[in-house]
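Chemist: take a look and give me a structure for this.
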Amino acid sequence: MTAAPPDSTHATSSTHATNITHATNDAVARIDPLWWSWEGAHGGHVAATALAAVRDRATDGGIRPARALTTHFLAPVDARPIALSMTLPSAGRRVSTCAFTGHQDGKPVLVGSAVFGPGRPGPSYEGRTAPEVPRPGDCPLLDLPVGLAPFAKQVELRPATEDLPLAGGEKAELLAWVRFADDRPLDAGAVVTLTDVLPPALYARWRTPRPVPTAELTVHFTDALDAGASEGWALVRIRTEQAGSGWAIDDSAVWSADGRLLAVARQARVVQGAQGKGVQGEGVQGEGVQDKDVQDKDVQDKDPGDERAALSGGLNHGN
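Modeler: The predicted model follows:
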């Protein structure tokens with residue numbers, strides 16, 4: 001599906017591969033099938049689509065920057081039209097809040113809310129500075145398997161540390177340079193997508209993939225987006241703060257290439273298990289769940305290079 005380029009300002013942020021039709025107080029949105037994940041459309045992309053659909057109504061034509069976006073995913077979203085119904089419980093001069101619900105064929109698939117508000121004079125503080133890592137050109141290219149993450153072809157990923165997906169590492173954290181294949185500006189919609197673009201952080205500890213779908217995603221935008229969208233590369237970090245009882249809490253952050261913090265996010269994820277020797281989920285079949293928390297000895301006995309090679313083409317070094 002062809003989509004128009006996103007707008008260049010934070011207040012009119014949009015998502016690329018999406019068509020949105022407004023009808024009175026509602027909107028209809030469609031997801032480009034290129035943004036596909038395990039069982040449906042990529043969650044960050046779906047959330048960005050919702051933001052693009054509600055911003056005009058909540059901000060008098062998109063003139064107020066987005067400050068926060070919360071999306072609850074009730075069911076996998078497919079390529080059918082999403083009917084979005086919206087309410088505006090608060091529309092003051094300082095803050096506007098829009099609540100929305102998305103349906104496909106009458107079935108609710110997502111609910112959420114977005115907060116918009118203009119900037120004003122106030123104190124500044126930077127509590128989450130960008131990590132010091134090599135520049136993108138000095139980092140190897142990572143090709144994720146299409147069967148694991150079909151949407152990965154829409155972005156270029158260059159890990160900035162030695163922590164890699166499915167490498168059986170010590171910590172649940174991934175840090176990578178990311179840019180969109182279509183070179184879209186890093187407006188609010190693009191940043192929402194980036195908060196969810198890396199594999200779940202637990203993948204850094206595991207050796208075999210399993211589905212870890214997002215149940216809820218909340219993104220907070222910084223004022224770095226107020227002056228307009230950045231261009232090119234973004235540095236994205238995701239890490240698991242806690243996991244247990246089949247759930248995980250992942251935190252992510254997105255910085256511009258010049259080190260400005262663009263957004264922070266937190267999501268609640270469902271960690272799906274595997275029965276017997278198989279890992280079920282969107283055609284991915286493993287030889288058993290061999291993660292750091294369950295089979296440490298097995299991880300120690302294996303060569304990490306073998307797991308890197310299991311990724312489509314492994315790590316391809318180049319510019």
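Chemist: in three-state terms, label Arg57 for me.
Modeler: Look at Arg57: counting by DSSP: H, G, I helix; E, B strand; the rest coil, its state is helix.
Chemist: residues near the closest residue to it other than its chain neighbours, how many?
Modeler: Of all residues not flanking Arg57 in the chain, Met86 sits nearest, at 5.8 Å (Cβ to Cβ, 6 or more residues apart in numbering). No exception for glycine: its C-beta is placed from N, CA and C like everyone else's. Using other Cβ atoms under 10 Å, Met86 is surrounded by 19 other residues.
Chemist: isn't Met86 right next to Val28, touching?
Modeler: No - if you go by Cβ atoms under 8 Å, Met86 and Val28 don't touch, sitting 12.0 Å apart.
Chemist: residue contacts, the most centrally placed residue in the chain?
Modeler: Among the residues of the chain, Asp196 comes closest to the average C-alpha position under Cα atoms, centre = their mean, at 1.6 Å. Residues counted as contacts of Asp196 (Cβ atoms under 8 Å, 6 or more residues apart in numbering) are 42-45, 47, 214, 217, 252, 265, 267.
Chemist: coming back round to it: and the pLDDT at the residue nearest to Arg57?
Modeler: The predicted local distance difference test score for Met86 is 92.
Chemist: and for Asp163?
Modeler: 98.
Chemist: give me the sheet partners of the helix or strand containing Ala27 and which way each runs.
Modeler: Taking DSSP states H and E as the criterion, Ala27 maps to strand 26-31. For strand 26-31, the paired strands and their directions (DSSP bridges) read strand 18-23 (antiparallel), strand 82-91 (antiparallel).
Chemist: what residues does the longest one touch?
Modeler: Meaning strand 82-91. Outside strand 82-91, the residues that touch it by Cβ under 8 Å, 6+ apart are 25-31, 49-50, 53-54, 57-58, 96-104, 109-110.
Chemist: which of those residues are buried?
Modeler: The neighbour-count test (16 or more other Cβ atoms under 10 Å) marks 27, 29-31, 49-50, 53-54, 57-58, 96-104, 109-110 as buried among those.
Chemist: these in helices, which ones?
Modeler: If you go by DSSP state H, the buried ones among the contacts of strand 82-91 have 49-50, 53-54, 57-58 in helices.
Chemist: Phe151 - that's part of a strand, no?
Modeler: No - with three-state DSSP as the criterion, Phe151 is located in helix rather than a strand.
Chemist: what's the neighbour count on it?
Modeler: Neighbour count for Phe151, taken as other Cβ under 10 Å: 22.
Chemist: is it true that it touches Pro33?
Modeler: No - shown here, Phe151 and Pro33 do not form a contact pair, counting by Cβ under 8 Å, at 9.6 Å.
Chemist: hang on, Val46 in a helix?
Modeler: Yes - with three-state DSSP as the criterion, Val46 is part of a helix.
Chemist: the closest residue to it other than its chain neighbours: what's it in contact with?
Modeler: Closest residue to Val46 apart from its sequence neighbours, by Cβ to Cβ, 6+ apart: Val77 at 5.1 Å. Shown in contact with Val77 (Cβ under 8 Å, 6+ apart): 31, 40-41, 46, 102, 104, 109-110.
Chemist: beta partners of the residue nearest to Arg57?
Modeler: Phe100.
Chemist: what about the helices in this structure?
Modeler: Going by DSSP H, the chain shows helices at 43-58, 188-195, 296-301, 304-310.
Chemist: which stretch in the ones you listed is the model least sure about?
Modeler: Here these differ in mean pLDDT, and the lowest is helix 296-301 at a mean of 36.
Chemist: how many residues are close by Glu126?
Modeler: Under the neighbour criterion other Cβ under 10 Å, Glu126 is assigned a count of 11.
Chemist: should've said Arg128
Modeler: Count around Arg128 with other Cβ under 10 Å applied: 12.
Chemist: give the contact list for it.
Modeler: Arg128 touches 253, 261, 264, counting by Cβ under 8 Å, 6+ apart.
Chemist: mind putting those residues into a markdown table with pLDDT and neighbour count?
Modeler: Output for the contacts of Arg128, formatted as a markdown table (pLDDT from 0 to 100; neighbours: other Cβ atoms under 10 Å):
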| residue | pLDDT | neighbour count |
| --- | --- | --- |
| Ala253 | 98 | 21 |
| Leu261 | 98 | 19 |
| Val264 | 98 | 18 |
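Chemist: so can I have a markdown table of those residues showing distance to Pro159?
Modeler: A markdown table is the format used below for the contacts of Arg128 (distance: Cβ to Cβ, whole Å):
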| residue | distance to Pro159 |
| --- | --- |
| Ala253 | 16 |
| Leu261 | 20 |
| Val264 | 20 |
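Chemist: quick check: closest non-adjacent residue to Ala190.
Modeler: Computed as Cβ to Cβ, 6+ apart, the closest residue to Ala190 that is not its neighbour in sequence is Arg184, at 5.6 Å.
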